[in-house]
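>>> sequence? don't have it. structure:
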């Protein structure tokens with residue numbers, strides 16, 4: 001790909017995409033700082049990324065059995081891996097604030113950028129080679145990537161929520 005083609009791709013990218021990138025960068029950068037997070041916010045972020053993953057899959061390939069199985073299978077596998085990892089290990093429930101102390105990390109930003117870059121690259125690729133959407137290998141690989149990346153945020157939130165005492169109401173009810 002030459003510089004002229006790259007410039008054309010960037011110029012033909014809708015403005016809302018750059019707004020989404022800016023929002024994801026701001027959100028991701030905020031995750032690099034230690035913060036107090038409410039239960040509601042912990043539940044919202046993974047749902048948003050699951051929505052982005054499903055949207056990316058549906059908009060590119062529709063929802064047929066191979067795509068759905070790839071997405072769901074990679075989601076479950078990734079969720080279980082993150083859940084088993086205990087990440088983020090230093091997060092803890094703070095009863096006085098009825099919220100969670102979550103240490104800063106660059107990993108959420110990296111994951112957000114991976115999701116954005118994947119969605120952008122798939123969009124560009126399919127606009128240049130629309131026939132790829134009908135290729136099972138491409139559709140399954142991309143769907144699996146969306147599922148796996150979406151699950152990381154769900155697993156992380158579940159691990160944090162599990163640190164609250166049961167009486168606090170935030171026991172691990174997020175896809176336990």
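Looks like it arrived, so ask away. On a predicted model such as this, the values are computed, not experimentally measured, just so you know.

>>> residue boundaries of the helices in this protein?
Ranges of helices in the chain, per DSSP state H, are 3-11, 15-30, 39-61, 65-85, 107-128, 136-161.

>>> can you put those helices in TSV and add mean pLDDT and mean neighbour count?
From N, CA and C alone the C-beta is placed, and that goes for glycine too. Output for the helices of the chain, formatted as TSV (pLDDT from 0 to 100; neighbours: other C-beta atoms under 10 Å):
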stretch	mean pLDDT	mean neighbour count
helix 3-11	90	10
helix 15-30	96	13
helix 39-61	91	18
helix 65-85	96	17
helix 107-128	94	16
helix 136-161	96	22
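
>>> among the ones you listed, which is nearest residue 101?
Closest to residue 101 of these, according to C-beta to C-beta: helix 136-161, at 9.5 Å.

>>> report the angle between that closest one and helix 65-85.
30 degrees (axes from the mean of the first three to the mean of the last three C-alpha atoms, to 10 degrees).

>>> packing partners of helix 136-161?
If you count contacts as 3 or more C-beta pairs under 8 Å, 6 or more residues apart in numbering; DSSP states H and E, helix 136-161 packs onto helix 39-61, helix 65-85, strand 99-102, helix 107-128.
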